[in-house]
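Novice: Fold the stuff below for me.
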Amino acid sequence: MTHSPYPGFKILLVDDEPAWLRSVSLILARAGITNIATCSDSRSVMETLAAGDVGLVLLDLTMPHLSGEALLSAIAEQHPEVTTIVVSGMNQLETAVRCMKLGAFDYFVKTVEEDRLVQGVMRAIRMHELERENRAMSDRLLSGGVRHPAAFSEIVTSDPAMHAIFAYIEAVAPSPQPLLITGDSGVGKELVARAVHRLSGSKGQLVAVNVAGLDDNVFSDTLFGHLRGAFTGADQPRRGMIEEAAEGTLFLDEIGDLSIPSQVKLLRLLQEGEYFPLGSDRPKRLAARIIVATHQNLSAKEAAGQFRRDLYYRLRTHRIKIPPLRERLGDIPLLVEHFLQKAAQELGKKKPTPPRELFQLLASYSFPGNVRELRAMIYDAVSVHRDRVLSLESFISAIGSAADIGSSGGAGVPGENLFKGRDRLPTITEAVEQLIAEAMERADHNQTIAARLLGISQPALSKRLSRKEQ
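Specialist: The predicted structure is shown next:
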């Protein structure tokens, strides 16, 4: 598979010695840094920079015609967006300090070890990428609104908080930095990952891997792949998911379940931008955007020592928290219509008409399973549907009794004595009145829905309400 040149901007090597230019080009290429241009005449550097697309310059100091220090000053003044590293034959502290004051990002002596030079170039690349991202993000966020609504077609919502998230997604989608998606189970984290991938402009595919339950060996093999003979049973080489996602996006779901040894390997991958397939001593470059998701509280896991702090902070460069369905009840009618249409189409039925009480019933429920739970409810109701109007019975059955609703909302647990420990017990009349008042409020004062929540008939509820008013 051929990869795009890396990084996304040119690195210009400037030196009057062609042998040095060739040598450094090869050193960087071996490390996966391939977007390189060379220049042996210092007088043409500013013209090359004016043409654009150069983000980093590796600059020799001692050159004929125009010295490196003069070029360094000119670059800092006329092209402050370009990062410059000085690579000099002189190992002099005063010269290094002077260059840094003139705007150099780093200073290396030509005799330095190859690894140190490559690491310095990688630091400069990442710093330059972050600066570019921050400028692009600011421009996108300041422009306001969602510019590519088609990218979010799978996410059915009219909620303002969700649309603010969409605007943020548009801003961070082109970034190569990791993205952390959090939210309760069933809120649609993978749909968000797909939207990010669509907006990223990546040429490759999105590859999703659920890492929950993977031990360290399986995690390594799944992500990095292996060579033939790497371990017992490895009869054939296998590409890892990182390679499958090259030029695209690797989505790691349930990242909060990852073991500590696997966390270390993921951190190393993100820090160094390279990995070793099992059984290989030749590294491969990470050429995929990493998106991770979890329903767990990573901050709490990190505080408890169950998630590495350095990995947590590396992953949260860009963060999205998707609100649960109970915080965007206005989306329920839209989602019901959407899932009714899909369910009827997939089950080969005519789309049923929802009863007007359905939306009030659903709005009274806390949906611990979020959008996924609502979808399951609707598909179940459509599968047993007979008449023109959709029956409420399957929804009532799924939601359960008023006690179950209370427990899912955090008021207690099933079977818990709600009155235990109270100094004063309410009378039977007071308890019934409070229960009816709560049911009526949840049902938006619809007696049919309130009666269903209480497990009594609508006439029985009506009689109790009339008695209370007298």
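Novice: Pull out the buried positions in stretch 67-81.
Specialist: For stretch 67-81, the buried set under the neighbour-count rule, 16 or more other CB atoms under 10 Å, comprises 68-69, 71-72, 75, 79. Just so you know, the C-beta spots here come from the backbone N, C-alpha and C atoms, and that holds for glycine as well.
Novice: I meant to write stretch 31-38 there.
Specialist: 31-36, 38.
Novice: of all those, which two lie farthest apart?
Specialist: Maximum pairwise distance in the buried residues of stretch 31-38, criterion CB to CB, is 18.0 Å, between 32 and 38.
Novice: And the pLDDT at residue 60?
Specialist: Model confidence at residue 60, given as pLDDT, is 91.
Novice: tell me the secondary structure for residue 391?
Specialist: The local conformation at residue 391, judged by DSSP: H, G, I helix; E, B strand; the rest coil, is coil.
Novice: Correct me if wrong: it contacts residue 383.
Specialist: No: between residue 391 and residue 383 there is no contact under CB atoms under 8 Å: 11.6 Å.
Novice: Have a look at those two and say which one is more surrounded.
Specialist: residue 391 (15 against 12; other CB atoms under 10 Å).
Novice: quick one: the more buried one from residue 355, how far?
Specialist: 8 Å (CB to CB, to the nearest Å).
Novice: With residue 336 instead?
Specialist: Per CB to CB, residue 336 is found 11 Å from residue 355.
Novice: What are the boundaries of the helices in the stretch 151-300 of the chain?
Specialist: Along the stretch 151-300 of the chain, counting by DSSP state H, counting those that start in this stretch, helices occupy 160-172, 189-200, 216-224, 241-244, 260-272, 298-303.
Novice: Just put those helices in CSV and tack on mean pLDDT, distance to residue 117 and mean neighbour count.
Specialist: What follows is the helices of the stretch 151-300 of the chain, written out as CSV (pLDDT from 0 to 100; distance: least, CB to CB, whole Å; neighbours: other CB atoms under 10 Å):
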stretch, mean pLDDT, distance to residue 117, mean neighbour count
helix 160-172, 90, 31, 18
helix 189-200, 95, 30, 22
helix 216-224, 93, 26, 18
helix 241-244, 94, 26, 20
helix 260-272, 92, 15, 17
helix 298-303, 92, 34, 15
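Novice: Include distance to residue 22 when you put those helices into TSV, please.
Specialist: Formatted as TSV, these follow (distance: least, CB to CB, whole Å):
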stretch	distance to residue 22
helix 160-172	38
helix 189-200	35
helix 216-224	32
helix 241-244	29
helix 260-272	25
helix 298-303	46
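Novice: Minimum distance to residue 89: which of those has it?
Specialist: Ranking these by their distance to residue 89 (criterion: CB to CB) puts helix 260-272 first, at 28.9 Å.
Novice: helices or strands next to the closest one in the packing?
Specialist: helix 216-224, helix 309-315 (3 or more CB pairs under 8 Å, 6 or more residues apart in numbering; DSSP states H and E).
Novice: ok so, going back, out of the buried residues of stretch 31-38, which one sits closest to residue 296?
Specialist: Nearest to residue 296, judged by CB to CB, of the buried residues of stretch 31-38 is residue 32 at 33.1 Å.
Novice: closest to residue 206 among the buried residues of stretch 31-38?
Specialist: Using CB to CB, the buried residues of stretch 31-38 come closest to residue 206 at residue 32, 22.0 Å.
Novice: Do I have it right that that closest one meets residue 274?
Specialist: Yes: in this structure, residue 32 is within contact of residue 274 by CB under 8 Å, at 6.8 Å.
Novice: Appreciated, that's everything.
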